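Colleague: Mind folding the following:
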Amino acid sequence: MRRDHAITEVELLRRENAILRGQRENACPHQRPEYSPEQRLAIVQLKRLRGWTLAETAARFVIHENTLRNWIYAAEGKGNSRLLTGAIVWNRIDDAIRWVVHELRRLCPEPEFGTRSIARQLVKAAVQISRSSIQRILREPEPEKPKTPVVSKPAMPPPEGRKPYHLLLPQYHNHVWHMDMTCIKVLWFTFYVVAILDGFSRKLLMLRVFYKTPCARDMVRLVRHAVKESGKPRFLITDHGCQFRRVFREAMKKRLRIRHVRSKVRTPYLNGKMERAFLPLKLWWCGVLPSLAIRSIQRRLDDYQFWYNEHRIHSALGVLTPQEAWDGTEPPAPIPIRAADQRCVQVFVTREKCRGDPRLRVLQINICRQAA
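Modeller: Residues are numbered from 1 along each chain as shown. I've put the predicted structure just below:
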């Protein structure tokens with residue numbers, strides 16, 4: 001009876017093992033769970049105790065022969081010992097930063113916030129990380145949030161270097177301004193929005209809405225108002241619209257003493273900064289439902305202008321906002337935070353609304369580090 005019972009147990013265990021092995025065999029190689037260092041060492045010991053060959057052991061545990069061969073070399077002291085000892089990977093990103101990446105994805109879904117934007121937010125918070133690392137972390141399971149408070153490390157000064165000098169690459173603010181006009185729709189009505197952008201800091205200096213197509217005098221009035229608030233530029237780049245012809249050129253040259261530069265025909269890159277600034281504006285406007293009153297529309301545009309200048313990180317400025325670039329704020333030096341640092345990391349991530357608009361996101365990332 002004992003022998004029959006043992007034979008039955010062996011057969012049942014063999015079936016269970018076949019089911020588990022079959023499930024692992026049917027999975028794609030990159031989706032199979034990895035063996036822990038303790039399990040790898042146990043597999044090498046079983047191979048020697050049972051007298052299995054290299055191919056037979058690899059087939060039983062659904063691994064490649066080269067993988068098993070590396071484990072054997074590590075056990076003999078000829079290969080990478082971390083495969084069996086479970087040593088800390090020195091280049092591994094700390095779990096606190098990995099949790100922040102998943103938290104940012106939860107707070108900001110994919111259509112409105114991509115992996116590049118997540119990387120810029122972390123670099124602005126003085127964390128060294130790349131977009132490829134963000135993509136790899138999002139494919140992994142979310143780690144637990146660390147609970148131990150730490151002290152942040154002071155940022156390092158950025159390296160000094162030369163900056164190019166050109167009309168499209170100004171060296172200081174109020175050097176080159178860009179001016180253009182676009183259309184927005186409210187129900188079946190069309191409104192016209194005129195914007196003035198600083199070429200160096202990408203700051204929106206003016207954002208005004210009109211019921212009808214603005215004329216040259218309206219454009220001159222806007223430039224005067226922008227000069228009164230922000231100072232006078234040296235160059236003003238526009239397209240070949242009817243508003244920027246003789247009346248506008250004479251007002252720029254004689255009254256304001258600003259050199260008016262019109263972009264070449266079929267050369268959109270000369271005024272491309274202004275065209276690119278209209279893209280997030282139109283994406284944001286798709287979810288806005290204001291009234292038909294011009295004051296209500298202008299109030300919403302003022303909220304967007306404040307968010308764009310104060311809270312939106314511009315890709316051309318690295319990790320700075322347009323207002324920070326206008327004020328000459330130095331960006332923080334990113335610091336790599338790895339699991340091998342032997343430091344406790346605590347991170348706080350919050351998403352707030354800018355002036356009550358949920359589509360105008362304001363992210364706050366606070367990172368504290370201290371010795372364990």
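Colleague: for this protein, what's the longest helix?
Modeller: helix 2-26 (DSSP state H).
Colleague: And for that one, what's in contact with it?
Modeller: The set of residues that contact helix 2-26 without belonging to it, under CB atoms under 8 Å, 6 or more residues apart in numbering, is 32, 60, 62. In short, each C-beta sits where N, CA and C put it, glycine included.
Colleague: next one: it to chain centre, how far?
Modeller: Centroid separation between helix 2-26 and its chain, computed with CA atoms, centre = their mean, to the nearest Å, is 49 Å.
Colleague: which among the contacts of helix 2-26 gets closest to Thr190?
Modeller: Relative to Thr190, the closest of the contacts of helix 2-26 is Arg32; by CB to CB it sits at 56.7 Å.
Colleague: if I look at that closest one, how far off is Leu84?
Modeller: 19 Å (CB to CB, to the nearest Å).
Colleague: out of those two, which sits in the more crowded spot?
Modeller: Comparing Arg32 with Leu84 by neighbour count (other CB atoms under 10 Å), the higher total belongs to Leu84, at 21 against 14.
Colleague: Any buried residues in the helix or strand containing that one, and which?
Modeller: In this assignment (DSSP states H and E), Leu84 forms part of helix 82-85. If you call a residue buried by 16 or more other CB atoms under 10 Å, then helix 82-85 has these buried ones: 83-84.
Colleague: Need the residues that contact that helix.
Modeller: Counting by CB under 8 Å, 6+ apart, 37, 40-41, 44, 70-71, 74-75, 89 sit against helix 82-85.
Colleague: Tell me the confidence at Met219?
Modeller: You'll see Met219 listed with a pLDDT of 93.
Colleague: Likewise for Ile196?
Modeller: Ile196 is assigned a pLDDT of 94 by the prediction.
Colleague: how much space between the residue lying closest to it once chain neighbours are set aside and Arg249?
Modeller: Leaving aside its chain neighbours, Ile196 sits nearest to Met206 (4.0 Å; criterion: CB to CB, 6 or more residues apart in numbering). Relative to Arg249, Met206 is positioned 19 Å away (CB to CB).
Colleague: Ser230 against Asn174, yeah?
Modeller: Yes - using CB atoms under 8 Å, Ser230 and Asn174 qualify as a contacting pair, with a distance of 6.8 Å.
Colleague: Need the residues touching each of those two.
Modeller: With contacts defined as CB under 8 Å, 6+ apart, the residues adjacent to both Ser230 and Asn174 are Asp198.
Colleague: before we move on, the earlier item: out of Met206 and Arg249, which sits in the busier spot?
Modeller: Set side by side, Met206 and Arg249 give different neighbour counts by other CB under 10 Å, the larger being at Met206 (17 against 14).
Colleague: Locate the more buried one within the secondary structure: which element?
Modeller: Taking DSSP H and E as the criterion, the element that holds Met206 is strand 204-210.
Colleague: Give me the below-cutoff pLDDT ranges for the stretch 51-200 of the chain.
Modeller: For the stretch 51-200 of the chain, residues meeting the criterion pLDDT under 70 lie at 86-90, 146-166.
Colleague: The closest residue to Ile43 other than its chain neighbours: what's it in contact with?
Modeller: Closest residue to Ile43 apart from its sequence neighbours, by CB to CB, 6+ apart: Phe61 at 5.7 Å. Phe61 makes contact with 35, 43, 68 under the criterion CB under 8 Å, 6+ apart.
Colleague: Tell me the buried residues in the one helix or strand the second one maps to?
Modeller: If I follow you right, that is Ile43. Here Ile43, judged by DSSP H and E, is contained in helix 37-50. Buried residues in helix 37-50, counted by 16+ other CB under 10 Å: 37, 40-41, 43-44, 47.
Colleague: between those, which is nearest Glu112?
Modeller: When these are ranked by distance to Glu112 (CB to CB), Pro37 comes first, at 40.8 Å.
Colleague: Any stretches of the stretch 251-372 of the chain with poor pLDDT?
Modeller: When the per-residue scores of the stretch 251-372 of the chain are filtered using pLDDT under 70, the ranges that remain are 342, 371-372.
Colleague: how does it look with 80?
Modeller: By pLDDT under 80, the weakly predicted segments of the stretch 251-372 of the chain are 264-270, 289-291, 338-345, 369-372.
Colleague: Mind jotting down where the strands sit in it?
Modeller: Secondary structure of the stretch 251-372 of the chain (DSSP state E, counting those that start in this stretch): strands located at 259-262, 343-354, 357-371.
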